[in-house]
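Engineer: please work out how this folds:
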Amino acid sequence: MNYNYVNKKNCAIYINFPFCKQPCLYCHYVNNIKFFHSEIPKNYFNIICEQLKHILTKINNIELESIYFGGGTASLLNDNQIKEIQNILSLNNIKSKEISIEIYPGQCNFNILENSFFTRYSIGVQSFLPSVRKKYRRTEYKNKDIEELIKKIQAKQKIINIDILFDEYLDEEEIVNIINLFPDTVTFYPNTKGRGIKRLKNVLNTLEMVEQKLIGYKKMMNNKMIFIRNNAEVSRYSKLEYETCGDIVGVGHNSISNIGNQSYLCLYDHGEIKIKKRDFIGDRKLHIIMSGISSGISKDLLNHYMCDIFKFNIIESCNITNLVFVPEYNFIRFLRFISKKFDKTYVDAFLSSVGYGDNCLETIKSVYKIKAPDIFLLVEGIDGSGKDTFAKILFNKLTKRFVYMTEKGISITGEPNSSLTYGKEAKNFIENLEHNNPEEVANWLISNRIDSEKKLIKLGGIVILVRGLLTDKATFFRAFDEERFLGESSFIKKWHKLIVIDIEPKIAYQRILKRGTKQTWRENIENLNYFRNFYINYNSEIFKEKIIIKNDSLDALEKKAEELAEEIYELE
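Structural biologist: Sure thing, here's the model as predicted:
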């Protein structure tokens, strides 16, 4: 590794101590670390110190953003070992703004009350419930041990993070214990060994519950897993890793070094340290974007790699200056965008981050819906054609694909609307053909159309209007035998689609008779034929597209609704 490329102004060191008494159920490293340890083996510690000395001669005389002691149980270090590492740092004139250590609550070999070296402690609580800890094979500590440990650290006025692990569900008792102990930050880890649609939905519901119940905390940017106590700050190590994309130098077994655009894996093998270049990593900063964009990343970084994304209204700004993120309802749109531009490796990185370890495309597409586009659909057809049935089927298909939002939903409505200014007059004309003269009726319909379009625009999102503009124009032409402007396009300049549900008038008439209700003037064979011909032959530039759907069966309507919903779903 060429340490000359290390960015000394934006750098952290990660020191790994992968020694545990027993493997936890969720451990991903059981195949390459050794267990049954109650202290850091001397041979390993000596080699770590030699590796650290070698690195620091290359990057000495600097102030690091963070030094992070992690791995399995860094708390197996004793006071003398910590002092030796301190001396190595001091001899090379290395300072750090933050020094973090991961603590296993079941064993800490150094004196926390006497220690002034560490500034931040990350405690692997995993669960406050004994039954859950037993399941994870973490039985060597009790809640009393966790509480005493936290009180000791709080007495030293140091920063505390606690880790909580869950499979799919989290008992609310966990939240109660967290609030009582009130650490600076809490990280909730879904078990990334899980897969599937049901699992991801449950994980998201659990994280939503956490956000609602964890009083006194807020999410770190848009990150659903990390919560920060009000007025506290996230770790510098996290900021360097995900916000500023600094360099991380790894020390010890299973540690990873990310220097510039290169990545290396450090392995401890038969008493020796070996460094292995990670060829598959590709562009590290692009990986960081894909892994972190759902939570928040630097706008400048995103602009460097995909400046054209800002044209598509996919990205939103975090409350923190210069940080941006992709909201959930735009995950699929972002996925489409990157799939066209980047290698599958990067796409998988994004999928895995939003799937919490599950990078299955179908799982992500099934769980995350997208924000509904602003489009207007007009569904017309003669009485008995099945236009209302089709509209309801289409509505259901769309709600499976798009997220519900107050300001951008999926609406289904019909006309004439008697609540509008001239709604009652317009309704009487359409339903009963009541009229005095064409000028007066035209004024009613124009006013009604203008008010209707204003109302439809306010709905936002996808609007399905069943019977409206065409029925007005067809009825007016039937009554007065003349074509008129009736207020169309006053506010809605373009309709996405005019959908005509077509059926033979004889079949429609039989359906009408089966209803057993009083027939309207439109529902005799002659008028059914008239309206059918009007709808089929009508064309206007205000509709981007006109489609005629033959209602041969309910299955045919289902199929067409599915096709149309998918087409709208694929819109950019």
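Engineer: when you work out contacts or count neighbours from here on, use the C-alpha atoms and nothing else.
Structural biologist: OK.
Engineer: residues contacting Asn529?
Structural biologist: Residues in contact with Asn529 (Cα atoms under 8 Å, 6 or more residues apart in numbering) are Pro505.
Engineer: hang on, it in a strand?
Structural biologist: No. The assignment for Asn529, made by DSSP: H, G, I helix; E, B strand; the rest coil, is helix rather than a strand.
Engineer: what separates it from Lys53, distance-wise?
Structural biologist: Asn529 sits 91 Å away from Lys53, going by Cα to Cα, to the nearest Å.
Engineer: per-residue confidence at the closest residue to Ala479 other than its chain neighbours?
Structural biologist: The shortest distance from Ala479 to any residue other than its chain neighbours is 7.5 Å, reached at Leu433 (Cα to Cα, 6 or more residues apart in numbering). You'll see Leu433 listed with a pLDDT of 88.
Engineer: can you get me a residue count around Leu433?
Structural biologist: Using other Cα atoms under 10 Å, Leu433 is surrounded by 17 other residues.
Engineer: try Leu113
Structural biologist: 12.
Engineer: now the residue nearest to it when sequence neighbours are not counted: which helix or strand?
Structural biologist: For Leu113, ignoring the flanking residues on the chain, the nearest one in space by Cα to Cα, 6+ apart is Lys152 at 6.3 Å. Element membership of Lys152 [criterion: DSSP states H and E] is helix 143-155.
Engineer: can you list contacts of that helix?
Structural biologist: By Cα under 8 Å, 6+ apart, helix 143-155 touches 105-106, 112-113, 121, 125, 128, 159-160, 181, 183.
Engineer: tell me the spacing between the residue lying closest to Glu39 once chain neighbours are set aside and Ser38.
Structural biologist: In this structure, Glu39 finds its nearest non-sequential neighbour in Leu76, 4.9 Å apart by Cα to Cα, 6+ apart. Distance, Leu76 to Ser38, using Cα to Cα: 7 Å.
Engineer: roughly how far apart are the spatially most central residue of the chain and Lys371?
Structural biologist: Closest to where the C-alpha atoms of the chain average out (Cα atoms, centre = their mean) is Glu328, at 3.2 Å. Separation of Glu328 from Lys371 (Cα to Cα): 9 Å.
Engineer: three-state assignment of Leu498?
Structural biologist: What three-state DSSP gives for Leu498 is strand.
Engineer: where exactly do the helices run in the stretch 151-300 of the chain?
Structural biologist: 172-181, 197-213, 236-238, 284-292, 299-306 (DSSP state H, counting those that start in this stretch).
Engineer: can you lay out these as CSV showing mean pLDDT and mean neighbour count?
Structural biologist: Formatted as CSV, those follow (pLDDT from 0 to 100; neighbours: other Cα atoms under 10 Å):
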stretch, mean pLDDT, mean neighbour count
helix 172-181, 96, 14
helix 197-213, 96, 17
helix 236-238, 92, 19
helix 284-292, 90, 21
helix 299-306, 92, 15
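Engineer: for Glu504, which of these is the nearest?
Structural biologist: For Glu504, the closest of those is helix 197-213, at 43.1 Å, according to Cα to Cα.
Engineer: which other helices and strands does that closest one contact?
Structural biologist: Judged by 3 or more Cα pairs under 8 Å, 6 or more residues apart in numbering; DSSP states H and E, the packing partners of helix 197-213 are strand 223-229, helix 361-367.
Engineer: now with 10 Å?
Structural biologist: In terms of contacts (3 or more Cα pairs under 10 Å, 6 or more residues apart in numbering; DSSP states H and E), helix 197-213 is packed against helix 172-181, strand 185-190, strand 217-220, strand 223-229, helix 361-367.
Engineer: among those, which is nearest Val132?
Structural biologist: Here helix 172-181 is closest among the helices and strands packed on helix 197-213 (Cα to Cα), at 10.7 Å.
Engineer: ok, and what's touching that closest one?
Structural biologist: With Cα atoms under 10 Å, 6 or more residues apart in numbering as the test, helix 172-181 has contacts from 126-129, 143, 146-147, 150-151, 154, 162, 164, 182, 185-186, 206, 209-210, 213-217, 229.
Engineer: how far is that helix from where the chain is centred?
Structural biologist: Relative to the chain's own centre, helix 172-181 is displaced by 26 Å; criterion: Cα atoms, centre = their mean, to the nearest Å.
Engineer: do the same with stretch 287-294
Structural biologist: 12 Å.
Engineer: now do stretch 374-383
Structural biologist: Distance, centroid of stretch 374-383 to centroid of chain: 32 Å (Cα atoms, centre = their mean).
Engineer: try stretch 259-268
Structural biologist: With Cα atoms, centre = their mean, you get 29 Å for stretch 259-268.
Engineer: pLDDT of that stretch, averaged?
Structural biologist: Stretch 259-268 comes out at a mean pLDDT of 87.
Engineer: list the buried residues in that stretch.
Structural biologist: Within stretch 259-268, the residues that count as buried by 16 or more other Cα atoms under 10 Å are 259-260, 262-268.
Engineer: rewinding a little: pretty sure the residue nearest to Ala479 contacts Ala426?
Structural biologist: Yes. Using Cα atoms under 10 Å, Leu433 is in contact with Ala426, at 9.5 Å.
Engineer: sorry, back to before: and the residue nearest to Ala479, what are its phi and psi?
Structural biologist: The phi and psi values for Leu433, taken as degrees, to the nearest 10, are phi 60, psi 30.
Engineer: what about it, distance to Leu486?
Structural biologist: Leu433 is 16 Å from Leu486, by Cα to Cα.
Engineer: how about Cys318?
Structural biologist: In terms of Cα to Cα, Cys318 sits 46 Å off from Leu486.
Engineer: who has more neighbours out of the two?
Structural biologist: Using other Cα under 10 Å, the more surrounded residue of Cys318 and Leu486 is Leu486, with 21 against 18.
Engineer: quick one: low-confidence parts of the stretch 401-550 of the chain?
Structural biologist: For the stretch 401-550 of the chain, residues meeting the criterion pLDDT under 70 lie at 404-407.
Engineer: hmm, back to that, I'd like the helices of the stretch 151-300 of the chain as TSV, with distance to Ile88 appended.
Structural biologist: TSV is the format used below for the helices of the stretch 151-300 of the chain (distance: least, Cα to Cα, whole Å):
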stretch	distance to Ile88
helix 172-181	35
helix 197-213	42
helix 236-238	21
helix 284-292	30
helix 299-306	35
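Engineer: mind checking those helices for the one nearest to Gln81?
Structural biologist: Nearest of those (Cα to Cα): helix 236-238, 22.6 Å.
Engineer: which strands or helices does that closest one pack on?
Structural biologist: strand 11-17, strand 66-71, strand 99-103.
Engineer: for the first one, buried residues please.
Structural biologist: Of the residues in strand 11-17, those buried under the neighbour-count criterion (16+ other Cα under 10 Å) are 11-17.
Engineer: that strand pairs with which strands, parallel or anti?
Structural biologist: strand 66-71 (parallel), strand 247-251 (parallel) (DSSP bridges).
Engineer: give me the neighbour count for Glu483.
Structural biologist: 11.
Engineer: hang on, I meant Lys193
Structural biologist: Residues contacting Lys193 under the criterion other Cα under 10 Å number 12.
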